[in-house]
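Asker: pasted the sequence and its predicted model underneath.
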Amino acid sequence: MKTVTCIVLLLIGCGVADAQTPRVPDLQIKLGTSILTPFGGEHPGGTWFSTGPVVLGRTSTATYSFGDTCEAWAVSSDGSLLDHATAAWRIEVTPISVVRHAVRFRLRWVRTAGVRQQLEQLSFDGAKAARLPNEEIELNLGPGESWPVDTVRVPPGAKMVDGRPCGSTASIRVSVDRYPSAEEEHRLIGADLWLIERLPDGTEVQRSQSLAVRGLPGRPFNFYFDSIVDANATLDIYGILIARRLGDEVFVSVETRSRWAPESRNISGPQGFLNSEIRVKPSETVEIRLPPLGDDAGPFAKRALSIRIRARQLR
């Protein structure tokens, strides 16, 4: 059994970072549209472009165009535009690296007030493009994080398809997401977890707990151990686990949270947080030693706790 030791109860990494392989099969970069409603909230524009599984160094190009209604979005990979486009963008994304669960990529875009004759201006080279709104930036986004690419004014009098008035602006955002989508994912990861407590001589306490969890690869799923009670004080240990297959191993990221309530109060007391990253081979069990909770944890201050993990792909 392999043991990972962490020395402080803070946001730290225990284990290894992702290898820089050219293809990252469980992450994608997406470009999506939205429209501001009259009440101030954003309404999805319903038009998406995806790079597919991230390939480091490969550039993906999309041409977006926006028409004369607030829901008239179109995207193409061949440079074609809507017939009555009022604005158009050419956007490039190039993945550079992946560290842990975040993608670093280069984003370039240029926009023109779009009539079809101006399509040739949607280039990143030349004097014409230099005079158009444009940007080149490097971003570092994890799954679920996004960045506003560009925003334009909606044409006066534009309405939604159902006749309702539009808001004032339309926009494009870039984001990083899991691949494939949850609806299309058929793989399943299972993990067995044990909360282990040891005496000063290293002997395991009989009240150690076990639980089994399962979820989709690369997506977080929660785990909760039963509360530990001592002298009317309560300790809860719970967290989030993300697992994904890397060759013959399973890469596991674990966020462990500890929360204890002093015996004199009925509200939650101090909290601890630990971030651990490990690789688990088939049939291997890895143990993560949790650091002492500290003097403020009352009867739990000296407890020697650890989490033992065994992970595998179920299908």
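Answerer: Perfect, thanks for sending it.

Asker: Val176 contacts Leu31, correct?
Answerer: No: under the criterion of C-beta atoms under 8 Å, Val176 is not in contact with Leu31, lying 11.2 Å apart. Any C-beta I mention is one placed from the backbone N, CA and C, and that applies to glycine too.

Asker: please enumerate the shared neighbours of these two.
Answerer: Common neighbours of Val176 and Leu31, counting by C-beta atoms under 8 Å, 6 or more residues apart in numbering, are absent.

Asker: which stretches of the stretch 101-250 of the chain have low pLDDT?
Answerer: 113-130, 159, 161, 181-185, 206-207 (pLDDT under 70).

Asker: where do the strands sit along the stretch 201-315 of the chain?
Answerer: Remark: strands assigned in the stretch 201-315 of the chain by DSSP state E, counting those that start in this stretch are 209-215, 221-224, 228-230, 233-246, 249-261, 271-280, 286-289, 304-313.

Asker: show me where the stretch 51-200 of the chain has helices.
Answerer: 127-130 (DSSP state H, counting those that start in this stretch).

Asker: residue ranges of the strands in it, please?
Answerer: Using DSSP E, counting those that start in this stretch, the strands of the stretch 51-200 of the chain run over residues 60-66, 73-76, 87-99, 102-112, 134-141, 146-153, 169-178, 189-198.

Asker: got a markdown table for those, with mean neighbour count and distance to Asp248 too?
Answerer: What follows is these, written out as a markdown table (neighbours: other C-beta atoms under 10 Å; distance: least, C-beta to C-beta, whole Å):
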| stretch | mean neighbour count | distance to Asp248 |
| --- | --- | --- |
| strand 60-66 | 23 | 30 |
| strand 73-76 | 18 | 38 |
| strand 87-99 | 20 | 20 |
| strand 102-112 | 20 | 24 |
| strand 134-141 | 14 | 29 |
| strand 146-153 | 15 | 34 |
| strand 169-178 | 20 | 22 |
| strand 189-198 | 19 | 14 |
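
Asker: among these, which is nearest Ser208?
Answerer: strand 189-198 (4.9 Å; C-beta to C-beta).

Asker: how about that closest one as CSV, C-alpha atoms only?
Answerer: Extracted in CSV, the C-alpha atoms of strand 189-198 (Å, rounded to 0.1, in the frame of the first residue of the first chain):
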residue,chain,number,x,y,z
ILE,A,189,-15.4,5.1,-12.2
GLY,A,190,-15.8,3.5,-8.8
ALA,A,191,-13.8,4.3,-5.6
ASP,A,192,-13.7,2.7,-2.2
LEU,A,193,-12.7,5.0,0.6
TRP,A,194,-11.9,4.2,4.2
LEU,A,195,-11.5,6.8,7.0
ILE,A,196,-8.7,5.4,9.2
GLU,A,197,-7.8,6.4,12.7
ARG,A,198,-4.7,5.2,14.5
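
Asker: can I get the strands of the stretch 201-315 of the chain in CSV with distance to Pro133 and mean neighbour count?
Answerer: Formatted as CSV, the strands of the stretch 201-315 of the chain follow (distance: least, C-beta to C-beta, whole Å; neighbours: other C-beta atoms under 10 Å):
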stretch, distance to Pro133, mean neighbour count
strand 209-215, 42, 14
strand 221-224, 42, 14
strand 228-230, 58, 15
strand 233-246, 38, 19
strand 249-261, 39, 20
strand 271-280, 39, 19
strand 286-289, 49, 20
strand 304-313, 46, 20
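
Asker: how close does Val149 sit to Pro155?
Answerer: 20 Å (C-beta to C-beta, to the nearest Å).

Asker: likewise Ala191?
Answerer: Counting by C-beta to C-beta - Ala191 and Pro155 are separated by 52 Å.

Asker: ok, Leu27 next?
Answerer: For Leu27 relative to Pro155 (C-beta to C-beta), the value is 36 Å.

Asker: quick one: which of those two has more around it?
Answerer: A side-by-side neighbour count of Leu27 and Pro155, using other C-beta atoms under 10 Å, places Leu27 first with 22 against 17.
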